[in-house]
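1. Turn this into a structure:
(chains A and B)
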Protein chains: 2
Amino acid sequence: MFRPQIKVVDCTIRDGGLMNKSNFSLELVRDVYKAVCDAGVDIIELGYRNSKKMFSVDEYGPWRFCDEDNLRKVVDGIKSDKTKIAVMQDAHKAIAEDILPKEKSVVDMIRIATYVKDIDKAIRLANNATDKGYEATINVMSISVALERELDEALQQIQEETKIIACYVVDSFGALYSEDIDFFVDKYKKYLKNKEVGVHCHNHQQLGFANTIAGIIRGANYLDGTLYGLGRAAGNCPLELLISFLKNPKFDIRPLLDIIGKKILPLNKEIYWGYAVPYMLTGVLNRHPDVAMKQLEMPDESPEKNDFLKFYEKLTEEQTED
Amino acid sequence: MFRPQIKVVDCTIRDGGLMNKSNFSLELVRDVYKAVCDAGVDIIELGYRNSKKMFSVDEYGPWRFCDEDNLRKVVDGIKSDKTKIAVMQDAHKAIAEDILPKEKSVVDMIRIATYVKDIDKAIRLANNATDKGYEATINVMSISVALERELDEALQQIQEETKIIACYVVDSFGALYSEDIDFFVDKYKKYLKNKEVGVHCHNHQQLGFANTIAGIIRGANYLDGTLYGLGRAAGNCPLELLISFLKNPKFDIRPLLDIIGKKILPLNKEIYWGYAVPYMLTGVLNRHPDVAMKQLEMPDESPEKNDFLKFYEKLTEEQTED
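-> Next up, the predicted model:
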């Protein structure tokens, strides 16, 4: 038995773009878009619409900004009415004016990523999006380090001040166990009466998929995944696993299998994502994965690269200095 | 709060040996043994004690047989009283006479791996082990394809006819979800009144660790893991994740981190284990991973190697022919 309310969101290009400054080729983005549409996935997130005042257009690729003309190049000749298009705005790195009225855009949904502390900025951007005709979500990042009092207040505000369709538990650090997912989904449901709950899980402890299932069992209906888990650090819940788990007959896993082998796996030569001990350690220690990413960027010949004990001692030494 | 009854078993050499015909160097096995002892892990499984009549000593390495003199070379100068030594016998590929009386052996525990259909052989070998003074377990393999009536009967027999300390749920195909783990652990506990339940999970769907946690929550107290997940196909529950999850202060993760970076990761150049789409597909389809292992053994330059759609079509075509 499947749950028809469940919406699956592919964020391959958006979250994967955190590993290569959103520098995917147009051809790849079109291929991903086509595969995700053919698979019947509900929503695809094609990147960020962040501000060019805060990100250099020389340094970052087109999917950090998702200009309308670039998005039209992606969907040209492929566009499917079954798969909605989303872009993400970072609450602290995006501006309302970059969002056109819905009728002038191929975008259907704006997802606002925010830390708890930036919730007022997030609400303003979310309301900007809904006022302009879009569906909107608020995705609360780094939730494993949110202060509970602040989170409670933010959820209360989201309930009272927005018309978003879903609010996400985002385990940016890959630090949560299933019982934590239960806790957060329960909390969200307590505050958010007419909004769905979403889960966006990272794989630092190989729990990206398992925690997404935990979310489903607890009632989350917005589920994020990426092809072969491509995403920041250890990556995300693999979309192919999620689709194979969900029983809704509208999904077809075959286009996903095809593109993973032909287009996503080859990226692994340039972009290192997936389970690795440094990521696991930042997950266990509930830390941002940036230090682990630096560790893994060391050249292979560096004797320190795989000295995980030294890395661990350094991480925990820094912690005791706090 | 930790549960003192929990026993962690490292099976790196035993399960990893399924990927290289048990051909690890003595040096590596000693290094693994030392790290596992230093980490305070309860039990280490150093390989199989299978019959030389059924495995060629020319083709298979020493850890398929675990002769006493080889085991003594492993523990020489390292032996820890805190970490018990186990070897595995396959119910259909081992003989009782290969087990010496306990007082003549460095082994503490004999684990009998069996399919449900071979349960009478398994019970005979388990009783041989307990009669000779060892602790024994029975590990029911490929449980995701066991007929429930046969499994019920086997568990009843194990309860009535053996003195084993633990009986395992073994998800050889990596096919189970957490709700399946719940189901099997509950069933085992119903039949096995004075024996512990164990879980041995594979990672084909990236659920090896998550399903081990599910087992813990449901009351399983014998937990298998391997260093960096080294084991058949997609590998096992990673020991480093399991140890970091368990809160028993007797464990020290540092020796495990050290050996993973220095000795286990380098094996990845010769032995391909870990998550891969072909393994995921055999997991999803509840099939033995042997076909996926063949797929992944193809040379990199073969265009079929990463044609996962074709692989999937072949797998499902074969299934409809059944």
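2. show me where chain A has strands.
-> Applying DSSP state E to chain A gives strands spanning A:7-10, A:43-48, A:84-90, A:109-114, A:135-140, A:166-171, A:196-201, A:222-225.
3. Rebuild these as TSV, extending it with mean pLDDT.
-> Converted to TSV, the strands of chain A look like this (pLDDT from 0 to 100):
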stretch	mean pLDDT
strand A:7-10	98
strand A:43-48	98
strand A:84-90	98
strand A:109-114	98
strand A:135-140	98
strand A:166-171	98
strand A:196-201	98
strand A:222-225	98
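4. Minimum distance to residue B:208: which of those has it?
-> Checking the strands of chain A against residue B:208 by C-beta to C-beta gives strand A:196-201 as the closest, at 16.2 Å. Yep, even glycine has a C-beta here, placed from its N, CA and C like the rest.
5. For the spatially closest residue to residue A:121 that is not a sequence neighbour, which residues are in contact?
-> Excluding the flanking residues, the one nearest residue A:121 by C-beta to C-beta, 6 or more residues apart in numbering or on different chains is residue A:91, at 4.2 Å. Contacts for residue A:91 (C-beta atoms under 8 Å, 6 or more residues apart in numbering or on different chains) come out as A:112-115, A:118-119, A:121-122, A:125.
6. wait, which of those residues is closest to residue A:258?
-> residue A:113 (29.9 Å).
7. can you tell me how far that closest one sits from residue A:98?
-> To residue A:98, residue A:113 is 15 Å away according to C-beta to C-beta, to the nearest Å.
8. between those two, who's got more neighbours?
-> residue A:113 (27 against 18; other C-beta atoms under 10 Å in any protein chain shown).
9. From what I see, the more buried one and residue A:143 are in contact.
-> No: with contact defined as C-beta atoms under 8 Å, residue A:113 does not count as touching residue A:143 (11.6 Å).
10. where along chain A do the helices fall?
-> With DSSP state H as the criterion, chain A has helices at A:12-16, A:26-38, A:68-75, A:119-131, A:148-161, A:178-191, A:208-218, A:239-245, A:254-259, A:277-284, A:290-297, A:308-321.
11. Would you mind finding the most buried of the ones you listed?
-> Comparing those by mean neighbour count (mean count of other C-beta atoms under 10 Å in any protein chain shown), helix A:12-16 ranks first with a mean of 27.
12. CA atoms of that one as PDB?
-> Presented in PDB, the C-alpha positions along helix A:12-16 are these (Å, rounded to 0.1, in the frame of the first residue of the first chain):
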ATOM      1  CA  THR A  12      20.800  16.100  -7.400                       C
ATOM      2  CA  ILE A  13      21.700  19.400  -9.200                       C
ATOM      3  CA  ARG A  14      21.100  21.600  -6.200                       C
ATOM      4  CA  ASP A  15      22.700  19.600  -3.400                       C
ATOM      5  CA  GLY A  16      25.400  18.100  -5.800                       C
END
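13. hmm, that helix in reach of chain B?
-> No: judged by C-beta under 8 Å from any C-beta of the partner chain, helix A:12-16 makes no contact with chain B; its nearest approach is 14.8 Å.
14. Show me the contact partners of that helix.
-> Contacts for helix A:12-16 (C-beta under 8 Å, 6+ apart): A:22, A:24, A:29, A:32, A:36, A:44-48, A:63, A:87-88, A:224, A:226-227, A:230-232, A:235-236, A:239, A:264, A:267, A:271, A:273.
15. what does the average pLDDT come to for that helix?
-> Taken as a whole, helix A:12-16 has an average pLDDT of 98.
16. Contacts only, for whichever residue of the stretch 1-150 of chain A sits closest to chain B.
-> Per C-beta to the nearest C-beta, residue A:35 is where the stretch 1-150 of chain A lies closest to chain B, at 10.5 Å. Applying C-beta under 8 Å, 6+ apart to residue A:35 gives the contacts A:227, A:255-256, A:258-259.
17. still on that earlier bit, and of the strands of chain A, who's closest to residue B:247?
-> Of all the strands of chain A, strand A:166-171 comes closest under C-beta to C-beta, at 20.2 Å.
18. Strand partners (parallel or antiparallel) of that closest one?
-> strand A:135-140 (parallel), strand A:196-201 (parallel) (DSSP bridges).
19. Export these to CSV and append columns for mean neighbour count.
-> Formatted as CSV, these follow (neighbours: other C-beta atoms under 10 Å in any protein chain shown):
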stretch, mean neighbour count
strand A:135-140, 26
strand A:196-201, 26
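20. Quick one: those as CSV, columns for distance to residue B:159 too.
-> Below are the strands paired with strand A:166-171 laid out as CSV (distance: least, C-beta to C-beta, whole Å):
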stretch, distance to residue B:159
strand A:135-140, 49
strand A:196-201, 39
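21. Least confident secondary structure element in chain A?
-> helix A:308-321 (a mean of 85; mean pLDDT, DSSP states H and E).
22. right, and residue A:228 touches residue A:262 too?
-> No: in this structure, residue A:228 is not within contact of residue A:262 by C-beta under 8 Å, at 11.5 Å.
23. Which one of those two is surrounded by more residues?
-> Neighbours per residue, other C-beta under 10 Å: of residue A:228 and residue A:262, the larger number sits with residue A:228, 29 against 16.
24. do you know how far that one is from chain B?
-> Per C-beta to the nearest C-beta, to the nearest Å, residue A:228 is found 7 Å from chain B.
25. do the same with residue A:214
-> 8 Å.
26. What of residue A:188?
-> 21 Å.
27. which residue packs closest to that residue, ignoring adjacent ones?
-> Spatially, and ignoring its direct neighbours in sequence, residue A:188 is nearest to residue A:197 (4.5 Å; C-beta to C-beta, 6+ apart).
28. Near chain B, which residues of the stretch 51-200 of chain A? Just list them.
-> The interface of the stretch 51-200 of chain A toward chain B, taken as C-beta under 8 Å from any C-beta, is made up of A:177-178.
29. Format the contacts of residue A:35 as JSON lines; extra columns: pLDDT.
-> As requested, the contacts of residue A:35 are arranged in JSON lines below (pLDDT from 0 to 100):
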{"residue": "A:227", "pLDDT": "98"}
{"residue": "A:255", "pLDDT": "98"}
{"residue": "A:256", "pLDDT": "98"}
{"residue": "A:258", "pLDDT": "98"}
{"residue": "A:259", "pLDDT": "98"}
